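S.K.: With the sequence up front, the predicted model follows.
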Amino acid sequence: MMRSLTKKPSITILSNSLANKILEDAIEASSLRYSVNFKMIGEDFEEAIKIAKEYEDSSDVYMSGASITPYLQQRFRKPIVENRIDEAAFFDAIVKLHASYPDETIGLLLYANPKVKLNNWIQISNLKIRQSSYNSLDDIRKKVLNFADDGIKAMVAPTLPCLFAKQLGIEAFPIYSQSSMKMDIEEAEYIACLYNSQQDHLALLQTIGDCSPNGIVGTDISGIIIYTNSPANDLLCGSTSSLKGRSILKLFPTLKLPNLSSNAGFQIVNIDNRVYLINGKPIIIDFAAKGFIFIIQEPKDITYADNNRQQEKAEVNFKAFYCFDDILGVSNVINNAKQKAKLFAKSDFPILIFGETGTGKELFAQSIHKASSRARGPFVSINCSALSETLIESELFGYEEGSFTGEKKGGKQGLIELANGGTLFLDEIADLSISGQAKLLRVIEEKSILKIGGRKLVPIDFRIIAATNADLEQAVSKGLFRSDLYYRINVLKLDIPPLRERREDIVLLFSHFLDQIDTISEEQRQIVINNTAAKIENLDWPGNVRQLKSFAQRIGVLMHRDFKDDNLLVDIVSQLDTMKPRIADPGEFFHKERANDLVSSGYIAHKRANNISSDDVKEALCAVGGSRTLAAQLLGVSRVTIWRKLKLADD
């Protein structure tokens, strides 16, 4: 029982003027189950083939005479119905021609391998018949000319030779009839319906296969690829290419095909410095192998799955939530930054993102991750300024069970291991202590970690994206940041423009933030924008997008839907007048110079060589004008250590 079709069957018929009338009558007389879409292509052969190619995607079946069928079989992969010879029409034509030409020999020209044998008819008729055959279109003209040269005045043949014969003055009768054409059309409709239904099933199977995260390749018994899902195309040749028709043994020369009695099992195949894990199984039909199915993975895909299981177990989900579409703006500088970031996403090299506070450095980092080949892997974000000096190793590298008192049972995965197969985002990397920098550098160079209490190295594969608002080159020159680590992470540099350099985006962003506040009506939002747009565009916004968002949220608290106060908008606008551009502290330059002097005098080296006391912290703070960040950099510790030492002193 054939199920209902999702589209009308389509039949493309390659015909000619002589056959068209027979076809039209046959179509009208046919008992068709469906409303069939017929396309009839005529006359010039080369033009007909070209048009037929254009119809290939929309056609379910082709129909043609015997002479054209071989050409279609070579060029198209769709079913082809060949016009059948009507034996009754053939005999009727022979009899009529013999009556008209009683003393003449009747010509019979057929394709070289006709599906109907006519020798019995010829012998029974006892008529004078000159029989010949042709193998190609060019051969038709040659054989018809031979008939003409031999004085043949009448002939029976398919419609195309009949057309040539009439041009030479030979009377010709076609061996096709309305009855035979009607049967051809009904057969074509049936095959078109089967093909249509089969394509629906294949589309369903393709969709199911594409849902798998693994590459799936199906082959025939000789290893020729007949099916691939999207992950397989992406993994092996890129999404725009096709693997179908290629031999899997040429893609993977060392691959062993499974046999009927057993699976090939997992095989590790190394091609072009890429490692694949392949599991093959035979397709068994009637106790015989008809083909093979291969599941293809990269080791990092297995790592992704393992990491996902570990993350679910730990109830931690490291994901990137933002993509490039979430980065709003129409200015050239922000669009240039986005285009550069998209280009960087295609590589796997480390990226250093520089931008002032509040410019959206992590937003760019997450977008790069989601646009990269590691998008299915974890995105682990680490705020380097929050890493405790005493716990930095356990946080970054994890520990084995039995390493500490009060430890987590079963040990703990470090943040770097959790980033395996994905992206490790190091925010505020300038605040990482010198000792932490050394540990990170070792991980980057060795591509492995050693857990606390562990005895073996754990191989890892991750991409580093670091971010900072500090001048790392200056920090390197002053001994506050390791030069070898700086050159390791600064392979690709991305500068995020501050809001004051993209003023045309300020009102757009402000409007977007107001849209996210459901306590403000559309009317209120428009009034606020109309009355503040000119002012907010002229402010420098030292806190950048974060400060602009906070200002919008402040308005959301003050202007709820039911609150009506004419003075409120005046108050909001007046607040803008008090928001001045950031002016650098005159002493800031002194502090930087003072810090440089301290580096030169050996103060830092001396303090790093000794345990740092609370008094040392206070001395460093005094030296740099009270900046905890500069004090932490001078002493080679984190800001958390500075805070803890001061808290101990207060206690």
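M.R.: Okay, I see it.
S.K.: switch to C-alpha atoms for all contacts and neighbour counts from now on
M.R.: Will do.
S.K.: show me what contacts the nearest residue in space to residue 452 that is not next to it in sequence?
M.R.: Spatial nearest neighbour of residue 452, excluding adjacent residues (Cα to Cα, 6 or more residues apart in numbering): residue 399 at 4.4 Å. By Cα atoms under 8 Å, 6 or more residues apart in numbering, the contact set of residue 399 is 411, 412, 413, 414, 451, 452, 453, 454.
S.K.: got it, and residue 447?
M.R.: Contacts of residue 447 (Cα under 8 Å, 6+ apart): 459, 460, 461.
S.K.: which SS class is the last one?
M.R.: Local secondary structure at residue 461 is given as coil here, using DSSP: H, G, I helix; E, B strand; the rest coil.
S.K.: rewinding a little: so what does the residue nearest to residue 452 look like in phi/psi?
M.R.: Backbone torsions for residue 399, taken as degrees, to the nearest 10, come to phi -150, psi 160.
S.K.: can you pull the contacts of residue 278?
M.R.: Residue 278 makes contacts with 266, 267, 268, 269, 294, 295, 296, 297, as judged by Cα under 8 Å, 6+ apart.
S.K.: change it to 7 Å
M.R.: Residue 278 makes contact with 266, 267, 268, 294, 295, 296, 297, according to Cα atoms under 7 Å, 6 or more residues apart in numbering.
S.K.: Tell me the buried residues within these.
M.R.: For those, a burial check counting by 16 or more other Cα atoms under 10 Å picks out 268, 294, 295, 296, 297.
S.K.: Look up the residues forming beta bridges with the second one.
M.R.: With DSSP bridges applied, residue 294 shows beta-bridge pairing to residue 217, residue 280.
S.K.: Adding distance to residue 277 and pLDDT, write the buried ones among the contacts of residue 278 out as JSON lines.
M.R.: Converted to JSON lines, those look like this (distance: Cα to Cα, whole Å; pLDDT from 0 to 100):
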{"residue": "268", "distance to residue 277": "5", "pLDDT": "76"}
{"residue": "294", "distance to residue 277": "10", "pLDDT": "89"}
{"residue": "295", "distance to residue 277": "8", "pLDDT": "87"}
{"residue": "296", "distance to residue 277": "6", "pLDDT": "87"}
{"residue": "297", "distance to residue 277": "5", "pLDDT": "81"}
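S.K.: Let me know the closest of the residues you listed to residue 138.
M.R.: Using Cα to Cα, residue 294 is the member of these that sits closest to residue 138, with 46.2 Å.
S.K.: Just to check, that closest one is in contact with residue 216?
M.R.: Yes. With contacts counted by Cα atoms under 7 Å, residue 294 reaches residue 216, the gap being 5.7 Å.
S.K.: For stretch 246-265, buried residues please.
M.R.: Buried-residue list, stretch 246-265, by 16+ other Cα under 10 Å: 247, 248, 255, 257, 258, 259, 264.
S.K.: Restricted to strands, list those.
M.R.: For the buried residues of stretch 246-265, not one is inside strands, with DSSP state E as the criterion.
S.K.: Pick out the lowest-pLDDT one from those.
M.R.: Among these, residue 264 has the lowest pLDDT, at 52.
S.K.: just to revisit the earlier point, can you list the contacts of residue 278 in CSV and add distance to residue 465?
M.R.: CSV is the format used below for these (distance: Cα to Cα, whole Å):
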residue, distance to residue 465
266, 34
267, 34
268, 31
294, 35
295, 32
296, 29
297, 26
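S.K.: Export the residues you listed to a markdown table and append columns for secondary structure and distance to residue 435.
M.R.: Shown next, in a markdown table, are these (DSSP: H, G, I helix; E, B strand; the rest coil; distance: Cα to Cα, whole Å):
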| residue | secondary structure | distance to residue 435 |
| --- | --- | --- |
| 266 | strand | 43 |
| 267 | strand | 42 |
| 268 | strand | 39 |
| 294 | strand | 48 |
| 295 | strand | 44 |
| 296 | strand | 42 |
| 297 | strand | 38 |
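S.K.: ok, of the residues you listed, which one's closest to residue 143?
M.R.: residue 294 (52.5 Å).
S.K.: The closest one and residue 104, how far apart?
M.R.: The spacing between residue 294 and residue 104, counted by Cα to Cα, to the nearest Å, is 67 Å.
S.K.: What of residue 644?
M.R.: Residue 644 is 119 Å from residue 104, by Cα to Cα.
S.K.: more crowded one of the two?
M.R.: Neighbours were counted for residue 644 and for residue 104 using other Cα atoms under 10 Å; residue 104 has more, 17 against 13.
S.K.: Next up, the contacts around residue 86.
M.R.: So, once contact is read as Cα under 7 Å, 6+ apart, residue 86 ends up touching 175, 176, 177, 180.
S.K.: Return the backbone torsion pair for it.
M.R.: Torsion angles, degrees, to the nearest 10, at residue 86: phi -90, psi 110.
S.K.: follow-up on the earlier one: can I get the contacts of residue 399 in CSV including neighbour count?
M.R.: What follows is the contacts of residue 399, written out as CSV (neighbours: other Cα atoms under 10 Å):
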residue, neighbour count
411, 17
412, 19
413, 19
414, 19
451, 23
452, 19
453, 14
454, 15
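S.K.: would you turn the residues you listed into CSV with secondary structure, distance to residue 55 and pLDDT?
M.R.: Shown next, in CSV, are the contacts of residue 399 (DSSP: H, G, I helix; E, B strand; the rest coil; distance: Cα to Cα, whole Å; pLDDT from 0 to 100):
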residue, secondary structure, distance to residue 55, pLDDT
411, coil, 64, 66
412, strand, 61, 75
413, strand, 58, 79
414, coil, 59, 81
451, coil, 63, 80
452, strand, 67, 77
453, coil, 69, 76
454, coil, 66, 75
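S.K.: Domain boundaries for this structure, per the record?
M.R.: Taking automatic domain parsing as the reference, the chain has its domains at 10-84+180-195, 88-175, 213-297, 305-495, 499-578, 586-650.
S.K.: which stretch among these comes nearest residue 203?
M.R.: domain 213-297 (11.0 Å).
S.K.: which residues sit in contact with residue 441?
M.R.: Applying Cα under 7 Å, 6+ apart, the residues near residue 441 are residue 485.
S.K.: how about TSV for the buried residues of stretch 246-265, with distance to residue 371 added?
M.R.: TSV is the format used below for the buried residues of stretch 246-265 (distance: Cα to Cα, whole Å):
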residue	distance to residue 371
247	31
248	29
255	32
257	35
258	37
259	40
264	35
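S.K.: Tell me the one of those residues nearest residue 515?
M.R.: Nearest to residue 515 among these, with distances taken as Cα to Cα, is residue 248, at 53.7 Å.
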